[in-house]
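Student: Build me a structure from this.
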Amino acid sequence: MSTITEIENAVDALSQREQQTLLQHLTVKLHGRAGAVSAGRRKRWPVQPPKVSKVESQRIAQRIESEFGRVEWENWK
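Tutor: Next up is the predicted model:
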C-alpha cells in the first residue's frame, strides 16, 4: 500500500472490531502504553469505589482532617 488512499480504503473494508484493534495498535505505536489506556482499555479497580453523595464525601473529608490533621510533622519520626 503506497498511498494514503489505498490505506484508507483497506481500513474501510475492515470490520468495526478490526478497526478498533488497528486503532489500539497505532495508538500504542505512536504514543506508548499510556495512549492505549485512553484509547479504550482503562485500568479496572479490583473493587469499585462506593457511590456516595457529595455531602457524604464532604463529611468523610472533614472527619479525616479532624482525625489526621493533628499530626505535628516536625516531630514525626
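Student: immediately after the lowest-mean-pLDDT helix or strand in the chain, which helix or strand?
Tutor: When the helices and strands of the chain are compared on mean pLDDT, DSSP states H and E, helix 33-38 comes out lowest with a mean of 52. Using DSSP states H and E, the next helix or strand after helix 33-38 towards the C-terminus is helix 54-68.
Student: For that following helix, output the C-alpha coordinates as PDB.
Tutor: The C-alpha trace of helix 54-68 is given here as PDB (Å, rounded to 0.1, in the frame of the first residue of the first chain):
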ATOM      1  CA  LYS A  54     -21.300  15.000  47.700                       C
ATOM      2  CA  VAL A  55     -22.500  15.700  51.300                       C
ATOM      3  CA  GLU A  56     -21.300  12.300  52.500                       C
ATOM      4  CA  SER A  57     -17.900  12.800  50.700                       C
ATOM      5  CA  GLN A  58     -17.500  16.200  52.400                       C
ATOM      6  CA  ARG A  59     -18.400  14.700  55.800                       C
ATOM      7  CA  ILE A  60     -15.800  12.000  55.300                       C
ATOM      8  CA  ALA A  61     -13.200  14.600  54.300                       C
ATOM      9  CA  GLN A  62     -13.900  16.600  57.400                       C
ATOM     10  CA  ARG A  63     -13.600  13.600  59.600                       C
ATOM     11  CA  ILE A  64     -10.300  12.600  58.000                       C
ATOM     12  CA  GLU A  65      -9.000  16.200  58.600                       C
ATOM     13  CA  SER A  66     -10.100  16.200  62.200                       C
ATOM     14  CA  GLU A  67      -8.500  12.800  62.900                       C
ATOM     15  CA  PHE A  68      -5.300  13.200  61.000                       C
END
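Student: packing partners for that helix?
Tutor: Contacting helix 54-68 under the criterion 3 or more C-beta pairs under 8 Å, 6 or more residues apart in numbering; DSSP states H and E is no other helix or strand. Every residue, glycine included, has its C-beta placed from N, CA and C.
Student: Going by neighbour count, which residues in that helix are buried?
Tutor: Counting neighbours by 16 or more other C-beta atoms under 10 Å, one finds that helix 54-68 has no buried residues.
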